[in-house]
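> Just to be clear, the model below is a prediction. Sequence and coordinates:
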Amino acid sequence: MSFIQAPVRVSLLVLSTVVLWSGCTINRDIMFRTGDDFDFAPLEEMVSQGYRIAPNDLLQFRLFSNKGQRLNQMTAGGVGSGNNNNQQMNNMMNQQGGVTYLVKPDGLVELPELGDIRLEGLTIEEAELLLEEAYASFYKDPFVILRVQNNRVYIFPGETGKASVVTLKNMNTTLLEVLALSGGIGNRANASKVKLIRRTEGGNEVYKMDLSTIEGLDAANTVVQAYDVIYVEPLPQLVRETTESLTPITSLISTLTFFYAFIVNPN
């Protein structure tokens, strides 16, 4: 009798082990998990922030004297200037517009005549004002134009295989715009669990947003920063993943059942 019950005990032991193992594989594609007691950063601190210059940004820099008088002459069709002068100014403007400067990892930018100057953490308007003050020692009434060319964010819209990198063409691009540019959230996405992960001097800050209701619109209008990670948590697919996990178990049970029947009824 014990000989017959042995395969049954073995089958139950194997079944229990495999079920426990398969349970650990369900929803294994969910990233950036946070516990129930995780301390999220307060949304109020960033909702009203504009874009701020970050390390590894490429800055397009243009400088004009006399409060941008030459720029006005070019945009106005070169009033009071001959064709040759107008062409020279256009060439100079194009040449200046084609020069970019890297924000180094330490937050400094090396600019002509100024050398290293810290622009990290400043808005575009703050950086332009700072540079105008710095160049006042070299030029009369300097006028500075800055643009960031390569800032981008990473989007995980809650759908397998749909992650993307979105290059920000506008300075103050919102999270809502970025989601729209990436095609919106996926069919499996949980709009009530959106995480924005931002690199700061003190480490990564994680913000939690609920975009499933109209009240989440304020959070969706947050201006994203360079290298932000926007992660929309996918909804659990317990039925499908459990079925996939139990498929090998079903095959194992069938095999054990066959051997058990063979042992009990060898003829």
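On my side now, so go ahead.
> wait, isn't residue 227 in contact with residue 166?
No - with contacts defined as C-beta atoms under 8 Å, residue 227 does not count as touching residue 166, sitting 11.4 Å away. (Each C-beta comes from the backbone N, C-alpha and C, glycine too.)
> out of the two, which sits in the more crowded spot?
residue 166 (20 against 17; other C-beta atoms under 10 Å).
> what is in contact with residue 227 and residue 166 at once?
Overlap between the neighbourhoods of residue 227 and residue 166 consists of 152-154, taking contacts as C-beta atoms under 8 Å, 6 or more residues apart in numbering.
> just the strands in the chain please.
If you assign secondary structure with DSSP state E, the strands in the chain sit at 58-64, 100-102, 108-111, 115-118, 143-148, 152-156, 164-167, 189-200, 203-209, 229-234.
> Can you spell out which helices and strands pack onto the fifth one?
This points to strand 143-148. Strand 143-148 sits against strand 58-64, helix 124-135, with contacts defined as 3 or more C-beta pairs under 8 Å, 6 or more residues apart in numbering; DSSP states H and E.
> mind showing which ranges of the chain have poor pLDDT?
Applying pLDDT under 70 to the predicted model, the residue ranges of the chain that meet it are 1-27, 29, 45, 47-48, 69-98, 237-267.
> can you give me the helices for it?
Defined through DSSP state H, the helices belonging to the chain, from first to last, are 2-23, 69-75, 83-97, 124-135, 175-181, 217-220, 238-264.
> need the contact list for residue 136.
With C-beta under 8 Å, 6+ apart, residue 136 has these contacts: residue 142.
> Can you read off the backbone torsions of it?
Listed backbone geometry of residue 136 is phi -60, psi -20, with angles given as degrees, to the nearest 10.
> roughly how far apart are it and residue 59?
Plainly put, residue 136 is 19 Å away from residue 59 if you go by C-beta to C-beta, to the nearest Å.
> next one: residue 30
Counting by C-beta to C-beta - residue 30 and residue 59 are separated by 37 Å.
> These two: which has the busier surroundings?
residue 59 (20 against 15).
> beta partners of the more buried one?
Judged by DSSP bridges, the bridge partners of residue 59 are residue 101, residue 148.
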